[in-house]
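[1] following is a predicted model, sequence given first.
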Amino acid sequence: MVEALFWPALVGYGEAALAYASMRTSRAATWGVRLGWLAQTALLVVQAVHADGFPWSSWSGSLNLFVWLVVGAYLIWGCRPRFRLLGLAVMPLAAALFVVARLGGGTVAPGRSHYSNVFLVLHVGFVLAAFAGFTLAAALAALYLWEEGRLKRRAPDILRLRLPPLQALERLTRRTISVSLPLLTLGLVAGVVRLREDGGSLDALEALTLATWLVYGAFVVARPGGRRAAYLALGGFTLVVIARLALSAGHFA
Amino acid sequence: MSSLSLVGLSHHVAPVELRERVSLDLAAAAELARSLGDAVCLSTCNRTELYLAGGDVDRAAEALAEMAGDPLDGVLYRLHDDAAALHLFRVAAGLDSLVPGEAEILGQVRDAYESVQTGPLLGRVFRQALAVGKRVRSETSIGESPASVSSAAAALAVQVFGDLDGRRVLLIGAGRIGELTAASLVSRGAEIAFVANRSVDAARSLARRFGGAEVALDDLPTALAEADVVVSATAAADVVLHAGDVPVRRRRPLFFIDIAVPRDLDPAIQELDGCFLYDIDDLEAVVAETLAGRRVEAARAEHLVAEEAERFHTWRASLEVVPAITSLRAHAERIRERELAKVEGRVSERERRTLESVTQQILNKLLHLPTVRMKEAAAGADGASYADVVRHLFGLDEK
């Protein structure tokens, strides 16, 4: 059953990743995203039904969940014809990570969960949701820098290869971060509660996640504009990437 | 059915001095069309064309020559039937326009068609032309990119701000080109908040027209603090606005359009954070690029137009067999009614209704395939022979 749902999801994401390359096929790409995401949702539901505890406690399982969250966030914010190039940035990444999740065994029926307590589950769930939002914000910020650069150097093809307006990109980046930061805050609070219960201490990964929170917190409080905002969003995302890699290497070991 | 003809001239073959002599407003064009019988006159700044259903083409050509005051030999083109329809479809799609894909022509075709009463042939070809124009615009992106410097400037402002609703424009210079660009921005929702000019009277007059306020050239930095878009088009020999005069703005981009030659705005403005400056060369490069894109889309549009022209041809050809089909059906209906009359009074009312229904169904089923086959044959070259055979077999001409 899980196997039967993996392939439609991958085909949907893969089709979207290719079809976003052309304006003419961008509508088909959007349908690929929608159908792929529905298939992955069904896959996650099946995994949850068969799991003994939290179904995505392995690094590959969490990657599977992460991909679902990233594509879900993209469906909310960016699944529009004018944001075609955002799809071109997000969907190949989502498809590739989905394949990696499968190779790591994260898309099969899960075994027994490593997570012993509800706070740990909440911690991981919220942090992953926030990271998915930050990933989308980083893609929006990268698009902003690209479009701003084209406007600055007065690229003649600026109206042929149209990106979303500069201010729309800036607004969406800010909004995505403003929604994601509270999720990260909740994830951190759940993590702290878990630490207290277990009597453990702050490790390097948790310190890194805290640093990520501080960067995005500064973004929300200082409300930078233009290029500075985009650089800060990308800086925060660098920490997210490191945290994800560290998570793979250490947290699930 | 009568034949479709076209006689006219356009920017491809006639210079503006000649076109302006045969150019007519909508009412005069309709009047001319009515004087020629079943006709439509399409008159724009780039063309005057007369479409006729079975009318006198020579008389139409003479009418145009009379208006021009010169014989129009070598300038007038004459097209007939499928060629005339194809031409009209290309015109409606904007493919015959000076700027490929321009949208105004579709409205002009509609106005010309609606200004007169037409017969079935002209009605069909014009309705289809309007549908072709819409189809080309919805299925290709031929009309999406700006084709002039002023519309490119407005499109670039949209690329920075998104929605231009409520965006404030500072217009420097009260000349015609600046006004055109400002009008293009206003059409997208921006408001002309300030007009600055060396002549205060000219600034005041233009500001009043746009509902803005005039400002002195010395007060530009103050107006800049409130503006989102600056359009500069003065005849000044030196720079009007230096980079040092642009106030620091936090989180609010400022878009500068410099369409003056020599340039009004300091090129160093482009280096300022959040400031974007386009001069006339930049805008022309953008327009050239978008026009190249339009030409690519025009090739796709030609395919759509050819498809529609083929459909028109099929429809026209099917008309050849319509009289034969109508006669055949009438003939069959007469036989049916005659035979039903024979049983009248010998069957109950309920039985009579059943007989009516059954014989009608038999007739429809029997004639369906011959009707379809005749229409198919008409789409090729055999329509007339098929019609003759049917008339002969059923003795349709003998009655």
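    Received, thanks. Residues are numbered from 1 along each chain as shown, chains lettered A, B, ... in the order given.

[2] give me the most central residue, chain B.
    For chain B, the residue nearest the mean C-alpha position is residue B:106 (1.8 Å; Cα atoms, centre = their mean).

[3] make that chain A, sorry
    Note: chain A centre (Cα atoms, centre = their mean) maps to residue A:132, 2.2 Å.

[4] for that residue, which non-adjacent residue is spatially closest?
    In space, residue A:132 comes closest to residue A:69 once its chain neighbours are excluded; the distance is 3.4 Å by Cβ to Cβ, 6 or more residues apart in numbering or on different chains. Where you see a C-beta, it was placed from the backbone N, CA and C, and this is true even at glycine.

[5] state the distance from the residue in the stretch 1-150 of chain A positioned nearest to chain B to residue B:140.
    Closest to chain B within the stretch 1-150 of chain A is residue A:23: 7.1 Å, counting by Cβ to the nearest Cβ. Distance from residue A:23 to residue B:140, counting by Cβ to Cβ, to the nearest Å: 11 Å.

[6] show the contacting residues for the residue in the stretch 101-250 of chain B that chain A sits nearest to.
    Nearest residue of the stretch 101-250 of chain B to chain A: residue B:162, at 3.6 Å (Cβ to the nearest Cβ). Contacts for residue B:162 (Cβ atoms under 8 Å, 6 or more residues apart in numbering or on different chains) come out as A:164, A:165, A:166, A:167, A:168.

[7] for ChimeraX, write a command that selects the buried ones of the residues you listed.
    Burial among those is assessed by 16 or more other Cβ atoms under 10 Å in any protein chain shown; the matching ChimeraX selection reads:
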select /A:164,165,166,167,168
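
[8] where does the chain dip in pLDDT?
    Going with chain A. Scanning chain A for pLDDT under 70 picks out A:81-82, A:109-117, A:119, A:246-253.

[9] that's the wrong chain, I meant chain B
    In chain B (pLDDT under 70), the answer is B:1, B:381, B:397-399.

[10] looking at it, which residue is nearest chain A?
    Nearest to chain A, among the residues of chain B, is residue B:251, at 2.8 Å (Cβ to the nearest Cβ).

[11] and the residue lying closest to that residue once chain neighbours are set aside, what are its phi and psi?
    Closest residue to residue B:251 in three dimensions, ignoring its sequence neighbours and counting by Cβ to Cβ, 6+ apart: residue A:225, at 2.8 Å. Backbone torsions for residue A:225, taken as degrees, to the nearest 10, come to phi -120, psi 170.

[12] got the residues of the stretch 151-253 of chain A near chain B?
    Proximity of the stretch 151-253 of chain A to chain B, by Cβ under 8 Å from any Cβ of the partner chain, involves residues A:151-152, A:154, A:156-160, A:162-168, A:223-227.

[13] go ahead and confirm the residue nearest to residue B:251 touches residue B:250.
    Yes - the criterion here is Cβ atoms under 8 Å, and residue A:225 meets it with residue B:250 at 6.1 Å.

[14] neighbour count winner among the two?
    residue A:225 (18 against 11; other Cβ atoms under 10 Å in any protein chain shown).

[15] any idea how far that one lies from residue B:274?
    Look at residue A:225 and residue B:274: by Cβ to Cβ, they are 7 Å apart.

[16] cool, and residue A:131?
    Taken as Cβ to Cβ, the span from residue A:131 to residue B:274 is 30 Å.

[17] could you check which of these two has the larger neighbour count?
    More crowded of residue A:131 and residue B:274, by other Cβ under 10 Å: residue A:131, with 27 against 19.

[18] so for residue 68, what's the nearest residue that isn't a sequence neighbour?
    This is for chain A. In this structure, residue A:68 finds its nearest non-sequential neighbour in residue A:40, 5.2 Å apart by Cβ to Cβ, 6+ apart.

[19] can you look at chain B instead?
    Spatial nearest neighbour of residue B:68, excluding adjacent residues (Cβ to Cβ, 6+ apart): residue B:21 at 4.8 Å.

[20] might one say that that neighbour is in contact with residue B:69?
    Yes - contact criterion Cβ under 8 Å: residue B:21 and residue B:69 qualify, at 6.4 Å.

[21] quick check, the residue in the stretch 101-250 of chain A closest to chain B?
    Counting by Cβ to the nearest Cβ, the stretch 101-250 of chain A gets nearest chain B through residue A:225, at 2.8 Å.

[22] thinking again about what came up before, in which helix or strand does the residue nearest to the centre of chain B reside?
    helix B:104-114 (DSSP states H and E).

[23] give the next helix or strand downstream of the strand or helix carrying residue A:13.
    Using DSSP H and E, residue A:13 maps to helix A:2-19. Using DSSP H and E, the helix or strand that follows helix A:2-19 in sequence is helix A:26-50.

[24] quick check: angle from that following helix to helix A:2-19?
    Using axes from the mean of the first three to the mean of the last three Cα atoms, to 10 degrees, the inter-axis angle of helix A:26-50 relative to helix A:2-19 is 160 degrees.

[25] pull out the buried residues from helix A:26-50.
    For helix A:26-50, the neighbour count (16+ other Cβ under 10 Å) marks A:26, A:29-30, A:32-33, A:35-37, A:39-40, A:42-44, A:46-47 as buried.

[26] buried stuff in whichever helix or strand comes after that helix?
    Downstream of helix A:26-50, the next assigned helix or strand under DSSP H and E is helix A:59-77. For helix A:59-77, a neighbour-count test (16+ other Cβ under 10 Å) marks A:59-74, A:77 as buried.

[27] ok so, going back, how many other residues sit next to the residue lying closest to the residue of the stretch 1-150 of chain A closest to chain B once chain neighbours are set aside?
    Distances taken as Cβ to Cβ, 6+ apart place residue A:84 nearest to residue A:23, at 6.5 Å, with adjacent residues excluded. By other Cβ under 10 Å, 24 other residues sit near residue A:84.
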